[in-house]
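In: Kindly generate the corresponding structure for this input.
(one chain, ligands or ions: 1)
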Amino acid sequence: MPSHTPPWYADRLKGSADKREFKIVYHVTHFREAVRILEDKTITGQLVPSRSRLSRSRVRVCWLMPNQYLDSHFGHFRLSLDWESLSDNASFYWIEHSSLPLGSAPRLLLVKDGWEPRNLRPYSPREDNGPLTLNGRTWYSSAQRRCDLLVAGDIHLSDCCKLDFVPHSKCQKFGANCPDKDQENTEAGSHLMASAVGNSMRSSRHVFLEVGGAKLHRSAGGAWGWVKEELKPKMGGGSITSKHVAADALVNAVLIAYAKRRENAVRSLCALFSGWDEAEIVLERRLKAHFRLANSR
Ligand SMILES: [Zn+2]
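Out: The predicted structure is shown next:
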């Protein structure tokens with residue numbers, strides 16, 4: 001295939017100095033979508049906005065990018081995926097260069113099921129001089145600029161290796177109306193951790209654990225610590241101890257209320273425990289049971 005670079009990308013190339021090796025790509029999203037991903041066990045593909053060349057095809061896509069940022073424009077919740085396995089046997093197509101309020105980016109479509117979009121030109125990562133290149137088995141993307149990788153269809157949660165929590169102060173999707181604004185990343189993560197444990201979302205366990213599954217990864221551990229710090233001053237006043245038959249169910253109810261930010265319900269439920277010491281025993285018991293952890297986490 002002859003090398004091809006569309007005019008809208010050619011004038012943005014900066015040569016080999018702008019290449020960065022990568023192995024992981026990211027899907028970054030907001031709280032509601034993150035909960036839905038854990039519940040559905042799937043990153044569900046979405047229709048592309050009408051201003052895109054892809055919108056007429058009605059194809060649903062998952063948005064990924066190889067870039068990491070100190071401050072995410074897309075949400076607090078970052079899923080990591082192994083690019084080599086995701087891109088195995090995939091076909092690529094040029095889509096367009098997007099222009100958005102918080103920065104423009106080239107867009108490439110990745111297709112794995114043999115479907116061929118009629119109005120898009122194929123892109124070869126080995127031959128073409130674009131934002132994504134492949135040399136041997138090593139993938140490169142631009143070090144300077146975001147690149148949007150749109151994967152046709154859904155992505156199963158089992159293909160995601162990690163979910164962590166990143167700073168998010170400016171929002172590309174919702175602007176000033178971002179539903180997750182004014183939260184630290186660890187605080188945002190604490191609500192998702194509470195939802196996962198309280199609702200026993202077992203299929204999502206692996207994304208909160210270190211490789212090998214022996215303990216929570218650092219970001220998840222910090223978020224769980226935040227949950228406990230938030231609940232600690234509210235616990236006590238009642239008679240429920242860690243030995244009570246309903247103690248675990250009560251902690252689940254507390255975590256679900258906390259995840260949904262129902263402050264009054266959290267206070268009412270926490271007040272049923274005899275005190276923090278007993279409540280903490282149950283919280284740790286629930287955490288270890290949910291993540292199948294040994295005594296140290
Ligand atoms: Zn946002």
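In: mind listing what's buried in the strand or helix carrying residue 287?
Out: Taking DSSP states H and E as the definition, residue 287 sits inside helix 276-291. With burial defined by 16 or more other C-beta atoms under 10 Å, the residues of helix 276-291 counted as buried are 276, 278, 279, 280, 282, 283, 284, 286, 287, 290, 291. The way it works is simple: take the backbone N, C-alpha and C, and place the C-beta from them, glycine included.
In: what's the offset of it from the middle of its chain?
Out: 26 Å (C-alpha atoms, centre = their mean, to the nearest Å).
In: Please enumerate the helices of the stretch 151-297 of the chain.
Out: 185-198, 218-231, 247-259, 263-270, 276-291 (DSSP state H, counting those that start in this stretch).
In: Please convert the ones you listed to TSV, extending it with mean pLDDT and distance to residue 59.
Out: Formatted as TSV, the helices of the stretch 151-297 of the chain follow (pLDDT from 0 to 100; distance: least, C-beta to C-beta, whole Å):
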stretch	mean pLDDT	distance to residue 59
helix 185-198	97	29
helix 218-231	98	32
helix 247-259	98	33
helix 263-270	98	41
helix 276-291	97	36
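In: now those helices as TSV including distance to the ion?
Out: Below are the helices of the stretch 151-297 of the chain laid out as TSV (distance: least, C-beta to the ion, whole Å):
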stretch	distance to the ion
helix 185-198	10
helix 218-231	18
helix 247-259	18
helix 263-270	22
helix 276-291	28
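In: who in the protein is up against the ion?
Out: Neighbours of the ion within the chain, by C-beta under 5 Å from the ion: 171, 174, 178.
In: if we can go back for a sec, could you single out the most deeply buried of the helices of the stretch 151-297 of the chain?
Out: helix 185-198 (a mean of 24; mean count of other C-beta atoms under 10 Å).
In: tell me what it is packed against?
Out: helix 31-40, strand 77-82, strand 160-165, helix 218-231, helix 247-259, helix 276-291 (3 or more C-beta pairs under 8 Å, 6 or more residues apart in numbering; DSSP states H and E).
In: Any stretches of this structure with poor pLDDT?
Out: Residue ranges of the chain with pLDDT under 70: 1-5, 7-17, 101-102, 295-297.
In: what about residue 147, how many residues close to it?
Out: By the criterion of other C-beta atoms under 10 Å, residue 147 has 19 neighbours.
In: Might you report the residue contacts of it?
Out: 65, 66, 67, 105, 106, 107, 108, 131, 132, 141 (C-beta atoms under 8 Å, 6 or more residues apart in numbering).
In: quick one: which of the residues you listed has the most company?
Out: residue 131 (28 neighbours).
In: ok, that one touching residue 107?
Out: No. Contact criterion C-beta atoms under 8 Å: residue 131 and residue 107 do not qualify, at 9.0 Å.
In: Just send the helices of the stretch 151-297 of the chain back as JSON lines, with distance to residue 28 too.
Out: Shown next, in JSON lines, are the helices of the stretch 151-297 of the chain (distance: least, C-beta to C-beta, whole Å):
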{"stretch": "helix 185-198", "distance to residue 28": "11"}
{"stretch": "helix 218-231", "distance to residue 28": "13"}
{"stretch": "helix 247-259", "distance to residue 28": "20"}
{"stretch": "helix 263-270", "distance to residue 28": "28"}
{"stretch": "helix 276-291", "distance to residue 28": "23"}
